[in-house]
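Visitor: the amino acid sequence is not available; the structure is as follows:
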Ligand code: C2E
Ligand code: CA
Ligand code: CA
């Protein structure tokens with residue numbers, strides 16, 4: 001093997017050639033050519049293997065200068081150094097040679113030692129500079145290498161202290177995919193295209209670097225108004241390159257204000273800004289600023305502590321009740337996770353779920369939540385007060401888990417529950433993202449018996465057509481949708497339309513985010529099936545939820561048919577569950593209608609009372625619905641203990657109760673009974689020693705007037721009580737005039 005470097009001697013004179021070859025042969029492998037044309041042929045064959053060319057000027061066919069211009073014009077050979085042989089030490093010859101791109105010259109007659117030295121030093125120079133070039137420039141793209149970029153950037157900043165500079169870094173989200181699908185070569189080609197875009201965009205005034213794989217950086221004088229359109233159009237340009245299939249490039253901008261920050265860190269920050277967009281669809285760039293900085297720090301802290309937090313049980317399940325709207329029965333709960341961090345305190349999901357969805361931890365956390373939810377149902381089942389169902393959230397990342405159905409089945413079986421007890425809430429937008437995958441996975445879950453709820457319905461853009469093919473049991477209306485739609489006049493029938501659609505598709509509908517009575521009534525009017533929202537209760541810890549389930553269970557057992565108008569009607573009402581108030585077990589308005597029809601003259605004289613709390617609204621606002629619910633339950637106990645078995649007890653709405661007592665002896669004893677009840681209410685103990693009171697209106701019925709007329713009278717009397725006898729009872733007729 002010949003390791004000698006190759007030197008090409010171009011000289012028409014045979015003797016001269018021999019002399020030169022003789023001088024060089026000890027150190028180099030010598031190739032010879034008789035004229036420029038022949039020399040070009042040798043170059044074509046050996047190309048860059050040649051370390052140096054020794055060139056005579058005066059030659060037939062193609063002279064030395066012509067040859068030299070060919071060599072310098074061809075990028076493949078232009079870097080090969082050429083030493084020109086001049087006829088004498090004449091200065092003009094030397095200048096001409098150098099100006100044609102020669103690296104050096106030697107004069108005739110040949111001085112062997114001079115020639116050997118010059119050749120050696122020129123070859124050496126070239127090789128060193130080539131090595132430097134290799135370190136300075138990225139082999140693939142020709143952009144600056146990382147180290148050299150840093151060095152040049154530092155240099156620029158020092159030399160232009162008065163100018164303002166930005167660093168932009170970028171990173172291709174799905175680059176690995178390109179390599180995987182099209183091969184490394186295609187990936188390389190794409191990177192070269194990106195490098196081109198960088199060079200074109202940054203121009204002469206800036207510098208561009210290729211760091212590693214798909215990361216690029218540039219530094220230039222601040223001149224852009226950054227906008228999504230601008231970066232979006234760059235992204236579009238990249239997508240016109242060969243092999244660019246749905247490439248998503250994210251850009252991060254670091255505006256240099258503090259020049260004491262090391263360049264490396266500036267670039268890191270720009271890259272962090274770019275990466276912070278990883279899962280944000282349609283966002284192409286982010287500027288690194290204090291806000292991003294603290295967000296990234298925070299995210300880092302969350303990422304560092306999430307695993308131990310899960311092990312240490314810092315993630316806690318809260319339950320938010322769902323009620324069946326037609327009878328206000330507690331129908332289930334949604335499990336919502338909370339993070340009780342020993343230092344940061346109570347963390348709501350918005351603070352960590354989006355991050356977990358990006359870093360993949362959501363899969364682990366969700367499985368924990370599913371397990372806990374099943375554990376709770378098991379516990380309550382064992383105590384004898386079962387909760388119909390618990391809905392859990394299934395994140396889109398879970399759907400891509402290869403064995404989602406296996407995981408879920410294992411969990412419900414472990415706790416001896418049927419899959420139908422676990423409702424799976426899957427957000428609408430997941431359905432639109434990859435319909436194929438969703439239909440398959442979710443369809444399978446549904447076949448296994450899980451109840452599928454489409455969460456946040458109305459927030460995305462699922463077409464009705466698509467809905468038809470989706471494996472779904474329940475539509476869960478997005479709360480923003482509820483809140484905006486219920487604010488519009490009833491005639492704007494989107495909600496009603498959805499309800500009809502749902503009915504037609506045999507889906508039930510849950511409305512979430514119900515915050516006001518008006519919203520509830522609207523939803524009731526249009527026939528919504530279930531409701532969930534702050535109007536009823538906020539999500540609460542499981543031990544606070546337990547009494548609700550217990551109460552529900554007790555109310556179910558306590559329903560006493562004899563407390564209604566007549567046993568026959570009462571039972572009918574009970575049987576179908578209609579006409580009952582879930583909280584008190586009393587009749588509701590609908591139940592009253594039925595009971596009123598059943599009233600008979602032989603029950604008279606009847607005392608009809610209307611009770612209303614004096615400050616419930618205030619109690620509601622200060623202490624929440626749970627406390628006021630408790631209060632209403634206590635009040636119902638008072639009423640029960642002051643009435644007889646065949647009296648009629650009705651919760652008309654909110655805090656209004658109608659009581660019909662049969663066979664009342666006299667006006668006086670009716671009034672007395674009313675006052676007794678009001679007094680008992682004032683004695684209801686509340687944990688906070690609140691004073692609660694109610695007022696009552698009373699009217700007596702002789703069996704002649706219409707019941708509705710009676711209720712109007714009690715209302716009138718109640719108004720009197722409120723103004724003249726607050727906390728007491730007024731009789732219609734006595735207060736008149
Ligand atoms: P989501 O599934 O749509 O849950 C409903 C959110 O609305 C809950 O917020 C709930 O507290 C809140 N909410 C309920 N009623 C009302 C109301 O009347 N008014 C208002 N303004 N808000 C109401 P939360 O608990 O903060 O959860 C936020 C989101 O975090 C959830 O939205 C869900 O997407 C996600 N999330 C919560 N827990 C989990 C979990 O265990 N796994 C997964 N994957 N996501 C979860
Ligand atoms: Ca949900
Ligand atoms: Ca939702």
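Guide: All right, it came through fine. On a predicted model such as this, the values are computed, not experimentally measured, just so you know. Residues are numbered from 1 along each chain as shown. Ligands and ions are numbered 1, 2, ... in the order given.

Visitor: what's the helix or strand that residue 481 is a member of packed up against?
Guide: Element membership for residue 481, per DSSP states H and E: helix 479-485. Judged by 3 or more Cβ pairs under 8 Å, 6 or more residues apart in numbering; DSSP states H and E, helix 479-485 is in contact with helix 494-504, strand 508-512, helix 517-525. Any C-beta I mention is one placed from the backbone N, CA and C, and that applies to glycine too.

Visitor: show me what contacts residue 498?
Guide: Contact partners of residue 498, counting by Cβ atoms under 8 Å, 6 or more residues apart in numbering, are 457, 458, 475, 477, 509.

Visitor: try it again with 7 Å
Guide: Residue 498 makes no contacts at all, as judged by Cβ atoms under 7 Å, 6 or more residues apart in numbering.

Visitor: that older thread, least reliable of the helices and strands packed on helix 479-485 by average pLDDT, please.
Guide: Mean pLDDT across the helices and strands packed on helix 479-485 is lowest at helix 494-504; the value there is a mean of 84.

Visitor: next one: the residue nearest the centre of the chain from residue 280, what distance?
Guide: With distances taken as Cα atoms, centre = their mean, residue 354 lies nearest the centre of the chain, 4.3 Å away. With the distance defined as Cβ to Cβ, to the nearest Å, residue 354 ends up 10 Å from residue 280.

Visitor: pretty sure the residue nearest to the centre of the chain is in a helix, no?
Guide: Yes - the assignment for residue 354 is a helix, going by DSSP: H, G, I helix; E, B strand; the rest coil.

Visitor: contacting residues for it?
Guide: By Cβ under 7 Å, 6+ apart, residue 354 has no neighbours at all.

Visitor: and the pLDDT for it?
Guide: Residue 354 is given a pLDDT of 91.

Visitor: and residue 464, by the same measure?
Guide: pLDDT for residue 464: 69.

Visitor: what is the neighbour count of the closest residue to residue 418 other than its chain neighbours?
Guide: Ranked by Cβ to Cβ, 6 or more residues apart in numbering and with sequence neighbours excluded, the top spatial neighbour of residue 418 is residue 449, at 6.3 Å. Using other Cβ atoms under 10 Å, residue 449 has 13 other residues around it.

Visitor: now the residue of the stretch 1-150 of the chain found nearest ligand 3: how far from residue 210?
Guide: Closest residue of the stretch 1-150 of the chain to ligand 3, Cβ to the ion: residue 146 (45.4 Å). Going from residue 146 to residue 210 by Cβ to Cβ gives 8 Å.

Visitor: more neighbours: which of the two?
Guide: Ranked by neighbour count (other Cβ under 10 Å), residue 146 and residue 210 place residue 210 first, with 25 against 17.

Visitor: ok, what's across the strand from that one?
Guide: Residue 210 has the following beta-bridge partners by DSSP bridges: residue 216.

Visitor: residue contacts, residue 323?
Guide: By Cβ under 7 Å, 6+ apart, residue 323 lies in contact with 329, 330, 331, 530, 531, 536, 582.

Visitor: for these, pick the one with the most neighbours.
Guide: residue 531 (26 neighbours).

Visitor: now it. Nearest residue, chain neighbours left out?
Guide: Closest to residue 531 by Cβ to Cβ, 6+ apart is residue 514, at 4.8 Å.

Visitor: got the confidence number for that neighbour?
Guide: 94.

Visitor: where's it relative to residue 636, distance?
Guide: 23 Å.

Visitor: that older thread, most tightly surrounded among the helices and strands packed on helix 479-485?
Guide: With neighbours defined as mean count of other Cβ atoms under 10 Å, the helices and strands packed on helix 479-485 peak in mean count at strand 508-512, which reaches a mean of 24.

Visitor: what pairs with that one, parallel or antiparallel?
Guide: When DSSP bridges is applied, strand 508-512 pairs with strand 474-477 (parallel), strand 530-532 (parallel).

Visitor: quick one, which of the ones you listed gets closest to ligand 3.
Guide: When the strands paired with strand 508-512 are compared by Cβ to the ion, strand 474-477 sits nearest ligand 3, at 5.9 Å.
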